[in-house]
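**Q** Sequence and computational prediction follow.
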Amino acid sequence: AQSVTQLDSQVPVFEEAPVELRCNYSSSVSVYLFWYVQYPNQGLQLLLKYLSGSTLVKGINGFEAEFNKSQTSFHLRKPSVHISDTAEYFCAAQKGGGNTPLVFGKGTRLSVIA
Amino acid sequence: GAVVSQHPSWVICKSGTSVKIECRSLDFQATTMFWYRQFPKQSLMLMATSNEGSKATYEQGVEKDKFLINHASLTLSTLTVTSAHPEDSSFYICSVRGSSYNEQFFGPGTRLTVL
């Protein structure tokens, strides 16, 4: 079964500093990868996704992620964070090619400090 | 993307009562709907998957007689928590998927508090 690991439960970072949120997934022949953001008491909003093709994926709000097959990683990065980026971030994976459910990591709480 | 709504957004009920949560896909043909629950500061745990017109498939450990799911149409699914107890208090989130299996959209969630 697919599994997703987010090693960092909390990441504090100063405003305008860069940030990387780590995500590793269990290997699969074909896998789709996603990053979602969740603000307090709200549902999930898609930041970006990797399906195939270019390994560098750009998403909304200035975020990007790089698919690394050899390291089975899909780390999320932003060069300069804002206070408004404070939220919970979830990495998710889906076995590609079928109507299979998303499997979520445990989430990383990003706290941006002024 | 699709717009997904949930009603109510929050509900407080007494122990032993049943609560129904609606999930609507406003502009999207949701052939598959998913129900998740999320405890404070934790990840989303899949409860069940339902395809329109079919019985829901429940994940291991989820009681199908306690969490009744109805996916009556391509735009509506309901989750009924029967005989709710305080341990059922959680954030319930629905999600929809269409014919494109790599796109999934989430509702805003329903906060259930059982006293």
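**A** That came through, no problem.

**Q** partners of the residue nearest to the spatial centre of chain B in the sheet?
**A** For chain B, the residue nearest the mean C-alpha position is residue B:35 (3.6 Å; Cα atoms, centre = their mean). Under the criterion DSSP bridges, residue B:35 forms beta bridges with residue B:48, residue B:94.

**Q** tell me the contacts of it?
**A** Applying Cβ atoms under 8 Å, 6 or more residues apart in numbering or on different chains, we find residue B:35 in contact with B:23, B:46-48, B:50, B:67, B:69, B:77, B:79, B:92-95. Where you see a C-beta, it was placed from the backbone N, CA and C, and this is true even at glycine.

**Q** List the residues that contact the closest residue to residue B:82 other than its chain neighbours.
**A** Ranked by Cβ to Cβ, 6 or more residues apart in numbering or on different chains and with sequence neighbours excluded, the top spatial neighbour of residue B:82 is residue B:18, at 4.7 Å. Residue B:18 sits next to B:80-84 when contact means Cβ under 8 Å, 6+ apart.

**Q** Return the distance of the residue nearest to the centre of chain B relative to chain A.
**A** Plainly put, residue B:35 is 11 Å away from chain A if you go by Cβ to the nearest Cβ, to the nearest Å.

**Q** so residue A:76 touches residue A:23, yeah?
**A** Yes: between residue A:76 and residue A:23 there is a contact under Cβ atoms under 8 Å: 6.8 Å.

**Q** Could I get the contacting residues of residue 10?
**A** No chain in the question, so chain A it is. Each residue near residue A:10 by Cβ under 8 Å, 6+ apart is listed here: A:108-109, A:111.

**Q** Actually, chain B is the one I wanted.
**A** B:110-113.

**Q** can you pull up the bridge partners for it?
**A** Beta bridges link residue B:10 to residue B:111 when assigned by DSSP bridges.

**Q** got a list of what the residue nearest the centre of chain A touches?
**A** The centroid of chain A falls nearest to residue A:35 when counting by Cα atoms, centre = their mean (3.4 Å). Going by Cβ under 8 Å, 6+ apart, residue A:35 touches A:21, A:23, A:46-49, A:59, A:63, A:65, A:74, A:76, A:89-92.

**Q** Give me the number of neighbouring residues for residue B:98.
**A** Other residues within reach of residue B:98, judged by other Cβ atoms under 10 Å in any protein chain shown, total 16.

**Q** go on, residue A:104?
**A** By the measure other Cβ under 10 Å, the count of residues near residue A:104 is 22.

**Q** Report whether the expected contact of it with residue B:44 is present.
**A** Yes: in this structure, residue A:104 is within contact of residue B:44 by Cβ under 8 Å, at 4.9 Å.

**Q** What residues does chain A have near chain B?
**A** Contact residues, chain A versus chain B (Cβ under 8 Å from any Cβ of the partner chain): A:32, A:36, A:41-46, A:49, A:51, A:90, A:94, A:96-107, A:109.

**Q** And stretch A:101-114, end to end?
**A** For stretch A:101-114, the first and last residues are 38 Å from each other (Cα to Cα, to the nearest Å).

**Q** chain center to that stretch, what's the gap?
**A** 7 Å (Cα atoms, centre = their mean, to the nearest Å).

**Q** So for it, mean pLDDT?
**A** The pLDDT scores in stretch A:101-114 average 94.

**Q** re the thing from before, which two from the contacts of residue B:35 end up farthest apart in space?
**A** B:67 and B:95 (15.3 Å; Cβ to Cβ).

**Q** Please compare those two by neighbour count and tell me which comes out ahead.
**A** Ranked by neighbour count (other Cβ under 10 Å), residue B:67 and residue B:95 place residue B:95 first, with 26 against 19.
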